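Engineer: please work out how this folds:
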Amino acid sequence: MTYCVGIKLNQGLVLLADTRTNAGVDNISRVKKLFTWQVPGERAIAMMTAGNLAITQAVISEINERLDAPNPNEPTIFSAPSMFEVAQVVGDTMRKVQARYGPGLTARNVDSGASILVAGQRVGGVPRLFMVYAAGNFIEATEDSPFFQLGEHKYGKPILDRVINVDTDIQDGVICALLSMDSTLRSNLTVGMPLDLAVMRTNSLMFEQQRRIDADDPRFFAFSEAWSNALKNAFSQMRLMDV
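Structural biologist: Down below sits the predicted model:
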């Protein structure tokens, strides 16, 4: 399984994904699920993937191949004039890949379901965040719903619901995304380290943070322990309440 979270704030975008994939309890491996592209001063784009791994890898590979050998008749994520049209490029590619492999997978009772979070900003526009579905259609994050999740979302959603709004400080958004992931890691073994984090500030048109957080990262371990202790202390305080 997987867990990815994308947050769109007035100050920018926060993206976090785990790297665990499994095809059974004895077949677990690590696979990158967060991908970024940049044209300095012009656009910065990121995608996070979930679902059938063969489908999502094919979509990402086709997107990259179009960049390597552009066809004037086919738009790319670098030629699309807006982030909306970038999402359309991803959706069209998803639909093409599903048409190619979906029927064969279905015939073998294999789920071809997949989804991709598409985030970024183009010069002259604003940061935008989209969720692309297996059918190639998509929805966009709004002021009322400024974050999207993929995969095992239920464990990490409560902290997002309580904290995140479009005016949240971007560093607080990073902290909230990491807490959301930590809660998921604690409660679901199909989500696992290492983690990939990307952060882009509005109008910077570049990712100011792109880093991998490994399982033995001392800062993340201390962060996780501090959150556990804070929850225990908060629970102790609740015992004093008259309910």
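Engineer: can you count the residues close to Leu178?
Structural biologist: By the criterion of other C-beta atoms under 10 Å, Leu178 has 22 neighbours. C-beta here means a position set from N, CA and C on the backbone, and glycine is covered the same way.
Engineer: per-residue confidence at Gly24?
Structural biologist: What the model reports for Gly24 is a pLDDT of 53.
Engineer: swap that for Ile28, sorry
Structural biologist: pLDDT at Ile28 comes out at 65.
Engineer: likewise for Arg239?
Structural biologist: Looking at Arg239, the pLDDT reads 88.
Engineer: got it, and Pro70?
Structural biologist: With respect to pLDDT, Pro70 has a value of 88.
Engineer: cool, and Leu189?
Structural biologist: On pLDDT, Leu189 comes in at 85.
Engineer: secondary structure class for it?
Structural biologist: coil (DSSP: H, G, I helix; E, B strand; the rest coil).
Engineer: look up how far Gly125 lies from it.
Structural biologist: 40 Å (C-beta to C-beta, to the nearest Å).
Engineer: those two: who's more crowded?
Structural biologist: Higher neighbour count among Leu189 and Gly125: Gly125, with 15 against 12, using other C-beta under 10 Å.
Engineer: what's the neighbour count on Asp92?
Structural biologist: 14.
Engineer: which residues touch it?
Structural biologist: For Asp92, the contact set (C-beta atoms under 8 Å, 6 or more residues apart in numbering) comprises Gly136.
Engineer: confirm it sits in a helix?
Structural biologist: Yes. Secondary structure assignment places Asp92 in a helix (three-state DSSP).
Engineer: following the lowest-mean-pLDDT helix or strand in the chain, which helix or strand comes up?
Structural biologist: The weakest-scoring helix or strand in the chain, judged by mean pLDDT, DSSP states H and E, is strand 28-30 (a mean of 77). Using DSSP states H and E, the helix or strand that follows strand 28-30 in sequence is strand 34-39.
Engineer: list the contacts of that following strand.
Structural biologist: Contacts for strand 34-39 (C-beta under 8 Å, 6+ apart): 4, 15-17, 43-49, 60, 67, 77-78, 196-198, 205-207, 210.
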